[in-house]
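Novice: Predicted model follows, preceded by the sequence.
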Amino acid sequence: MKPRDERQAFSAALRGCAAGRSRRTWSEEENEMRSREVYVEGCKQRAPEYLDRGDIKEGIISMLSDLAKCEDTAPNGSVLLYGMQLIMAEDLEGARRFVEDFR
């Protein structure tokens, strides 16, 4: 996804979450998107430490657990299932790609 497409998709999600509340301005949505991006980058910091030790299970669980702490980044069922598949397959390289490429 291109950066503009990602911003539009996230903005649409924010508008859906804000139903019933006052409408947000574009700058507020942009600020929330930046905050989300910063939070996701923070979530991605701890998992590689586990993966560098070959601990796929803890690396994936760490990433998913950190993401779940924020409503805007909480992983859906598909993401959880994919994480479980990586753990069951003991796919270290797949786990690295999952963490590094997560947006």
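Specialist: Thanks, I have it. Just so you know, these numbers come straight off a predicted model, no measurement behind them.
Novice: From here on, just use CA atoms for contacts and neighbour counts.
Specialist: OK.
Novice: Which positions in stretch 46-53 come out as buried?
Specialist: 46, 47, 48, 50, 51 (16 or more other Cα atoms under 10 Å).
Novice: from these, which ones fall inside helices?
Specialist: If you go by DSSP state H, these have 46, 47, 48, 50, 51 in helices.
Novice: what's the lowest-pLDDT member of the residues you listed?
Specialist: For these, the weakest pLDDT value sits at residue 46, with 87.
Novice: how close does that residue get to residue 63?
Specialist: Separation of residue 46 from residue 63 (Cα to Cα, to the nearest Å): 7 Å.
Novice: likewise residue 70?
Specialist: Counting by Cα to Cα - residue 70 and residue 63 are separated by 12 Å.
Novice: same check, this time on residue 77
Specialist: From residue 77 across to residue 63, the span is 15 Å (Cα to Cα).
Novice: quick one: which of these two has more around it?
Specialist: Neighbours per residue, other Cα atoms under 10 Å: of residue 77 and residue 63, the larger number sits with residue 63, 23 against 9.
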